[in-house]
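Engineer: this one's sequence-less:
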């Protein structure tokens, strides 16, 4: 599967990448799962904020650290934003009733996906954000499925 790499110099560049990702999302199938990996403060929520702004969502976008899930409705679009940092066990994801959000229509971004164990359905994109030697962030976006590959090709 293909990988795209980006060097982001600041927060605005992260928001811009999110808006760019948003432009390929309307062409997506009914369910698309994106995992977000990176240290605390790496810019995972900022990237999701950029996607939502690119979709036309104008409301507040916050990290769902305490509720674990924020659901956003943009014009003609549903986006689920999970932050599993505080998930106590992988089973708690299912016990909380999030299975429908993960497998239903819409795009789901999942921060700290390793905390979900084997309970995540098929991943379409894996995004990894790390510190860059230049002082900004390095982002790798890897397709994990055929539909992820097709959407990645639209992002190029």
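Structural biologist: Arrived safely, thanks for sending. Keep in mind that this is a model prediction, so the values were computed, not measured.
Engineer: Find the least confident helix or strand in the protein, judged by mean pLDDT.
Structural biologist: helix 99-103 (a mean of 82; mean pLDDT, DSSP states H and E).
Engineer: Determine the three-state secondary structure at residue 79.
Structural biologist: The three-state label given to residue 79 by DSSP: H, G, I helix; E, B strand; the rest coil is strand.
Engineer: what's the answer for residue 24, then?
Structural biologist: helix.
Engineer: Isn't it up against residue 156?
Structural biologist: No - between residue 24 and residue 156 there is no contact under C-beta atoms under 8 Å: 9.7 Å. All C-beta spots, glycine's among them, are computed from the backbone N, C-alpha and C.
Engineer: Residue 117 is in contact with residue 90, isn't it?
Structural biologist: Yes - counting by C-beta under 8 Å, residue 117 touches residue 90, with 3.0 Å between them.
Engineer: Which secondary structure elements does the least confident helix or strand of the chain sit against?
Structural biologist: Helices and strands touching helix 99-103, as assessed by 3 or more C-beta pairs under 8 Å, 6 or more residues apart in numbering; DSSP states H and E, comprise strand 77-83, strand 106-111.
Engineer: looking at those strands, which is closest to residue 135?
Structural biologist: strand 106-111 (22.8 Å; C-beta to C-beta).
Engineer: same for the following helix or strand past that closest one, what does it pack against?
Structural biologist: Using DSSP states H and E, the next helix or strand after strand 106-111 towards the C-terminus is strand 125-131. On a contact count with 3+ C-beta pairs under 8 Å, 6+ apart, strand 125-131 meets strand 31-37, helix 44-54, strand 137-143, helix 146-155.
Engineer: so how many other residues sit close to residue 115?
Structural biologist: 21 (other C-beta atoms under 10 Å).
Engineer: on that earlier part again, of residue 117 and residue 90, who's got more company?
Structural biologist: residue 90 (16 against 13).
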